[in-house]
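S.K.: Attaching a predicted model along with its sequence, questions to come.
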Amino acid sequence: MYAIEIENLSKTYFDKKFKKVEALKSLHLQVAQGEVLGFLGPNGAGKSTTIKTVVGLMKPTAGTVRILGQPVTDPAARFHVGFLPENPAFYEFLTAREYLLFVGRTFKMPVQLLAQRCDEALQLVDLVDASKRPIRTYSKGMVQRLGIAQTWIHDPDIFILDEPMSGLDPIGRSMVKKIIKDLKACGKTVFFSTHITSDVESTCDRVAILKNGELQSVDSVADIFMQGIIGYDLHLRQRGGLITDSFVEKIELPAALARADKEQSEVVLVEPRRKTLEQYFLDTIGKT
């Protein structure tokens, strides 16, 4: 059973000029339990539309979405989800602690457990010192961190995050990446969209790329790196002790190593040079 199963998902609407817009076109995508999947695509690709449909905020024109085998239209399915929208907005007159308590009560959490989880969530996103201040006094980055905390409060199995690193400084981004890695270590599923390919490289098992509402590719990050090797940086120590560096094409590596052995040169390091995930992304969206 998949954590998230999207089948033949399509969304069509009409813009202000009554022009037909196909935001999603027969999208098929599965996210395994315990997996971290990064969702990439240029602006207007349909990432946020997909996520809104997956969490039940938007009704698709066609297709289905299942959460742990249950239709997303079933409230019981959404109970398993922690959701962060692209632009989170909260009751600004509440403090962070009051808002988290409100979210926990919505999920009918026991009072004692909720108080404990609230303290842990505030510590998790480094908002303890600001927890008694009204949310209206928060910076964009602090609001984003509170958004992460409210997804976590009821201990869901699946986290669906739309641009979770948006508006965060390097310290905040590092914090969110660590949270995602820790969630994976606990067996949680994380499905998040982003424009920052380096964040996908460091946190994700797989990456899905969307363009013009159509899925272009789904592949594991490890396989992308293996397939993206373009050659090797070869470091050799010559008989006189001099270390030389050279680049050899992928196909030329066996011959280069044989030549080094014949010349009695010591192989110090063979380091693959590969395309980045950013280059893979650009190559993929440039194919169509």
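M.R.: Ah, there it is.
S.K.: For burial, what's the neighbour tally of Gly240?
M.R.: 5 (other C-beta atoms under 10 Å). Using the backbone N, CA and C atoms, a C-beta is placed for each residue, glycine as well.
S.K.: Tell me the helices and strands packed up against the longest helix seen in the chain.
M.R.: The single longest helix within the chain, with elements called by DSSP state H, is helix 170-185. In terms of contacts (3 or more C-beta pairs under 8 Å, 6 or more residues apart in numbering; DSSP states H and E), helix 170-185 is packed against strand 36-40, helix 140-152, strand 189-193, helix 197-203.
S.K.: Output the contacting helices and strands for the next helix or strand after the longest one.
M.R.: It stands for helix 140-152. Using DSSP states H and E, the helix or strand that directly follows helix 140-152 along the chain is strand 158-162. With contacts taken as 3+ C-beta pairs under 8 Å, 6+ apart, strand 158-162 sits against helix 47-54, strand 81-84, helix 140-152, strand 189-193.
S.K.: With mean neighbour count added, can I get the ones you listed in JSON lines?
M.R.: JSON lines is the format used below for those (neighbours: other C-beta atoms under 10 Å):
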{"stretch": "helix 47-54", "mean neighbour count": "24"}
{"stretch": "strand 81-84", "mean neighbour count": "23"}
{"stretch": "helix 140-152", "mean neighbour count": "22"}
{"stretch": "strand 189-193", "mean neighbour count": "25"}
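S.K.: between those, which gets nearest to Gln216?
M.R.: For these, the distance to Gln216 is smallest for helix 47-54, at 12.3 Å, taking C-beta to C-beta.
S.K.: tell me the mean pLDDT over that closest one?
M.R.: Averaged across helix 47-54, the pLDDT comes to 94.
S.K.: Could you tell me the angle between it and strand 189-193?
M.R.: Calculated by axes from the mean of the first three to the mean of the last three C-alpha atoms, to 10 degrees, helix 47-54 forms an angle of 140 degrees with strand 189-193.
S.K.: Output helix 47-54 as CSV, restricted to C-alpha atoms.
M.R.: The C-alpha coordinates for helix 47-54 follow below in CSV (Å, rounded to 0.1, in the frame of the first residue of the first chain):
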residue,chain,number,x,y,z
LYS,A,47,3.0,21.6,-8.3
SER,A,48,0.8,23.6,-5.9
THR,A,49,-2.3,22.4,-7.8
THR,A,50,-1.2,18.8,-7.4
ILE,A,51,-0.6,19.3,-3.7
LYS,A,52,-3.9,21.1,-3.1
THR,A,53,-5.7,18.2,-4.8
VAL,A,54,-3.7,15.6,-2.8
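S.K.: So what touches that helix?
M.R.: 4, 6, 9, 11, 23-24, 27, 39-41, 58-60, 65, 67, 72, 86, 160, 162, 191, 193, 210, 213 (C-beta atoms under 8 Å, 6 or more residues apart in numbering).
S.K.: among these, which ones are buried?
M.R.: Buried by 16 or more other C-beta atoms under 10 Å: 4, 6, 9, 11, 23-24, 27, 39-41, 58, 60, 65, 67, 72, 160, 162, 191, 193, 210, 213, out of these.
S.K.: From Ile158, how far off is Tyr2?
M.R.: 10 Å (C-beta to C-beta, to the nearest Å).
S.K.: Give me the common contacts of those two.
M.R.: Both Tyr2 and Ile158 are in contact with Leu68, where contact means C-beta under 8 Å, 6+ apart.
S.K.: So between the two, which is more surrounded?
M.R.: Ile158 (24 against 16).
S.K.: what sits against the more buried one?
M.R.: When contacts are counted by C-beta under 8 Å, 6+ apart, Ile158 touches 3-4, 67-68, 80-82, 188-191.
S.K.: nearest spatial neighbour of it, skipping sequence neighbours?
M.R.: Spatially, and ignoring its direct neighbours in sequence, Ile158 is nearest to Thr189 (4.6 Å; C-beta to C-beta, 6 or more residues apart in numbering).
S.K.: Sweet, I'm off.
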